[in-house]
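[1] the following comprises the amino acid sequence and a computationally predicted model.
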Amino acid sequence: MCTDVVVTVLLASGVGAGFGATVNALRKAYVPVVFLLVGMVLSTAATVASARLRARAADDDAADL
């Protein structure tokens, strides 16, 4: 699970760094940067939710035995 979160953050921050290289680029690319940040948060939330669902499913499978 931690690997998924780290990869998500690294990819999102790497893409976002291209837009924020200069102040002018940041002003011109305000909307794309916001979308990237929102996407990063949603991706992280999905990763956490997926890990919790997998853990819950594994517990359910173990209880059935």
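    That came through, no problem.

[2] biggest helix in this structure by residues?
    Taking DSSP state H as the criterion, the chain has its longest helix at helix 30-64.

[3] quick one: buried residues of that one?
    The neighbour-count check on helix 30-64 (16 or more other C-beta atoms under 10 Å) flags V33, L36, M40, S43, T47 as buried. From N, CA and C alone the C-beta is placed, and that goes for glycine too.

[4] what average pLDDT does that helix get?
    Mean per-residue pLDDT for helix 30-64: 85.

[5] from here on, count from 10
    With the count now opening at 10, the last piece we talked about shows up as helix 39-73.

[6] follow-up on the earlier one: from the buried residues of helix 39-73, pick the one nearest V14.
    Nearest to V14 among those: T56, at 5.6 Å, using C-beta to C-beta.

[7] which helix or strand contains the spatially closest residue to the closest one that is not a sequence neighbour?
    Take T56 and drop its neighbours on the chain: the residue closest to it by C-beta to C-beta, 6 or more residues apart in numbering is D13, 4.6 Å away. Here D13 sits within helix 11-28, counting by DSSP states H and E.

[8] average pLDDT across that helix?
    Averaging pLDDT residue by residue across helix 11-28 gives 64.

[9] including distance to A66, could the buried residues of helix 39-73 go into JSON lines?
    Formatted as JSON lines, the buried residues of helix 39-73 follow (distance: C-beta to C-beta, whole Å):
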{"residue": "V42", "distance to A66": "36"}
{"residue": "L45", "distance to A66": "31"}
{"residue": "M49", "distance to A66": "26"}
{"residue": "S52", "distance to A66": "21"}
{"residue": "T56", "distance to A66": "16"}
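
[10] most widely separated two among those residues?
    V42 and T56 (21.1 Å).
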